[in-house]
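Q: Sequence below, structure please.
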Amino acid sequence: MQRGSCFLISMAQSTTPRDQSPPLSNPQEAGLPQRPAIVRIWRIASSTWLGVGLLTALSIAYGILSIIDNFYSGPKSTLPSVGSVYGHWSVVVLTFAFCLNLLFATVRIPISWDRAGAWCSHLGLMFLVVGSVAFWRMRTEGQCLFLRATDGGWSRVNRFFLSKDVMTCYVSASARILPDSSAKTEFASPASMDPVDINVPVKGAPPGVSIKASRLYPRTELTDHWYDDEVGLVPAVEVQISHGEQTALITMCESSPETCAIRLPECVVSFETREAMSQERIDEINARTPPRSQPSLESFSIHYRGRGQPVLVVRDSSGRLHRRSFTPGQIVSTASGEHPSSVRLIRTMNRARRGFKLKVPPETQRDPKQGAIELTITSGSQELKRIVPYYPYLAGGATTIRLPSGRRFYVAFSNSNEELPEPISITRHEFKTAPGSSMVEDYICDLEIGSGVRVRKETVKLNAPVSLGRYRLTQSTWRPKNPDRPDYSDPGAIILGVADRPGILLIFVGGIAVCLGFPYAFYIKPLILKRKSRRAVS
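A: Below you'll find the model as predicted:
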């Protein structure tokens, strides 16, 4: 009995619940060593729950930013722009934290054959995430503009213009070297329609001249306007040119090459800053020039040097010259032609200056998307304000700034540009449609890349890019000559996309590692553990 009672007592004592023992206030009272703070931080930073939480937060951030990027129509000054969701600061912070958690968790895993799948998967995920962020944050993306020449050929391009929310102001003493000039100043493009005061000194100003970008207009409506004031130094005439039922007001000036000569279907109107031809000189030329048997193109030549009234020299279809006085309101017409052309003088300008009238559209009007910058120019005691239009590809030319002293320089405003590894030219283009349909099948351009003896031929198509150094060329835009009656088989401009791919090697390596790591962890690891257990049993 004594032995039995002792056994029952011992059993009862051994089965006494633990929660009946006095609680421990902390590990130190129980005599257990307390973990250092750095160990507790390490366990939290490498925990699986933290990794799952960060991955969930990343997914939510991607979803919210993508929705905002695609459906939000208001100002995006503090929101991601198109294609920049992966580069948003919140995504970068969460990605960095997730990569650190993966790294700490991976280091805690012992290195062995049965753990190889976890190592491979974790490292692959880190490579994928880091490569994706590097791709979107460090990517260089832009466009090359090819314009159709008058002879039907294409311009040769050695630069491309970056696609980013930055506007660049160029200043140079020559309009020809503007894109290549190192004197360029960049401005962040605001998302708002309202003008923004920036007051930033502009690089490249001539000696003794100060230029400041005083105001930036991200969306404007600009119209050409000519002034006749003390700053202008070039004579000009404003004329009305008519051909059939078409009429246009044009200011003709030698400093503006696009208005020096206007070619119509049946005649040419030109402007020259020179002394008017005398009647004796005209008679002498006519006496030496025999009449033409075949009708030739008629022409109006306006001679004006800023003094008195301009003189109009008309050449008829037989090649003979006629001198006409040209007073405001006078109309001079051609003698022949199916649709006779005429020129009417509106006014003369002795000291002409070309400028722009600016109108800021309301916030609700999203178009036009024309930008402009207001420059404040100080030369001595003189202060001038000029509006410079924004052309994304500098295709609109430069604005001439004339000072009262007669000095002039050129200013242009566009996207920033970078040099291509080699110059490019288009030798052939083809607009391809599906057989028996007007549906677009392909846009094809044959390219010549390089110069001199190192010229290679490539063909760029839809979804078939061409490599150029670290860049890749793709089909971007195909613009017809006449937007009102688009004929895509005869384009007036072609735009090729240019982009590099930073981080793409990390993305490839990470994708391969994940594709190998997960099958290894789910299929190879159980086989290895089963083999180990068999060895342990034997």
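Q: What are the contacting residues of stretch 220-228?
A: 236, 238, 251, 253, 349-361, 368, 370-372, 387, 389 (C-beta atoms under 8 Å, 6 or more residues apart in numbering). Using the backbone N, CA and C atoms, a C-beta is placed for each residue, glycine as well.
Q: ditto for stretch 459-469
A: For stretch 459-469, the external contacting residues (C-beta under 8 Å, 6+ apart) are 420-422, 424, 442-447, 449, 458, 472-475, 496, 498.
Q: And the spatially closest residue to Glu448 that is not a sequence neighbour, which helix or strand is it part of?
A: Distances taken as C-beta to C-beta, 6 or more residues apart in numbering put Ser425 closest to Glu448, at 4.9 Å, once the chain neighbours are dropped. Taking DSSP states H and E as the criterion, Ser425 maps to strand 417-433.
Q: Report all helices and strands that the helix or strand harbouring Ile401 contacts.
A: Assigned by DSSP H and E, Ile401 belongs to strand 399-402. Where contact means 3 or more C-beta pairs under 8 Å, 6 or more residues apart in numbering; DSSP states H and E, strand 399-402 is packed against strand 341-359, strand 382-389, strand 408-415.
Q: Single out the most deeply packed of those.
A: Each of these was scored by mean neighbour count; the highest is strand 408-415, a mean of 22, by mean count of other C-beta atoms under 10 Å.
Q: Contacts for that strand, please.
A: Taking C-beta under 8 Å, 6+ apart as the rule, strand 408-415 contacts 142, 161-164, 166-175, 178-179, 205-206, 209, 211, 233, 371-373, 375, 386, 388-394, 397-402.
Q: hmm, try it at 7 Å
A: Strand 408-415 is contacted from outside by 161-162, 167-175, 178, 206, 373, 375, 388-394, 398-402, using C-beta atoms under 7 Å, 6 or more residues apart in numbering.
Q: How about the contacts made by the spatially most central residue of the chain?
A: Centroid-nearest residue in the chain: Ser163, 2.3 Å away (criterion: C-alpha atoms, centre = their mean). By C-beta under 7 Å, 6+ apart, the contact set of Ser163 is 141-143.
Q: got a winner among those residues for most neighbours?
A: Among the contacts of Ser163, the one with the most neighbours (other C-beta atoms under 10 Å) is Gly142, at 23 neighbours.
Q: In CSV, list the C-alpha atoms belonging to the host helix or strand of it.
A: Assessed by DSSP H and E, Gly142 sits inside strand 141-147. The C-alpha coordinates for strand 141-147 follow below in CSV (Å, rounded to 0.1, in the frame of the first residue of the first chain):
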residue,chain,number,x,y,z
GLU,A,141,14.1,56.9,-73.4
GLY,A,142,13.6,59.3,-76.3
GLN,A,143,12.6,59.8,-79.9
CYS,A,144,14.4,60.5,-83.2
LEU,A,145,12.5,62.8,-85.6
PHE,A,146,13.0,62.3,-89.4
LEU,A,147,11.6,65.1,-91.6
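Q: So which other helices or strands are in contact with that strand?
A: Packing contacts for strand 141-147, counted by 3 or more C-beta pairs under 7 Å, 6 or more residues apart in numbering; DSSP states H and E, involve strand 157-162, strand 417-433, strand 491-499.
Q: Rebuild those strands as a markdown table, extending it with mean pLDDT, mean neighbour count and distance to Val133.
A: Putting the helices and strands packed on strand 141-147 into a markdown table (pLDDT from 0 to 100; neighbours: other C-beta atoms under 10 Å; distance: least, C-beta to C-beta, whole Å) gives the following:
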| stretch | mean pLDDT | mean neighbour count | distance to Val133 |
| --- | --- | --- | --- |
| strand 157-162 | 88 | 20 | 20 |
| strand 417-433 | 89 | 16 | 22 |
| strand 491-499 | 90 | 20 | 17 |
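Q: Just want the angle from the strand holding Gly142 to strand 408-415.
A: If you take axes from the mean of the first three to the mean of the last three C-alpha atoms, to 10 degrees, strand 141-147 sits at 120 degrees to strand 408-415.
Q: what angle do strand 141-147 and strand 491-499 make?
A: Using the same axes, to 10 degrees: strand 141-147 against strand 491-499 is 160 degrees.
Q: gap between the residue nearest to the centre of the chain and Gly142?
A: For Ser163, the distance to Gly142 equals 5 Å [C-beta to C-beta, to the nearest Å].
Q: Show me how the chain divides into domains.
A: Recorded structural domains for the chain (assignment: automatic domain parsing) are 37-139+505-537, 141-157+418-500, 167-230+353-417, 234-351.
Q: from memory Thr251 sits against Glu238, does it?
A: Yes. In this structure, Thr251 is within contact of Glu238 by C-beta atoms under 7 Å, at 4.8 Å.
Q: ok, and for stretch 148-159, which residues are buried?
A: By 16 or more other C-beta atoms under 10 Å, the buried positions in stretch 148-159 come out as 148, 154, 157-159.
Q: List just the nearest of the residues you listed to Arg323.
A: Within the buried residues of stretch 148-159, distances to Arg323 taken as C-beta to C-beta reach their minimum at Arg148, with 38.1 Å.
Q: low-confidence ranges in this structure?
A: 1-35, 69-87, 150, 182, 191-193, 293-295, 335-338, 362-369, 396, 483-486 (pLDDT under 70).
Q: how about the helices in it?
A: Here the chain has its helices, by DSSP state H, at 2-14, 37-45, 48-71, 89-108, 116-138, 279-288, 504-519, 525-537.
Q: Please identify the most buried of the ones you listed.
A: Neighbour counts (mean count of other C-beta under 10 Å) averaged over each of these peak at helix 116-138, with a mean of 19.
Q: How far off centre is it?
A: 29 Å (C-alpha atoms, centre = their mean, to the nearest Å).
Q: So which elements touch it?
A: When contacts are defined as 3+ C-beta pairs under 7 Å, 6+ apart, helix 116-138 sits against helix 89-108, helix 504-519.
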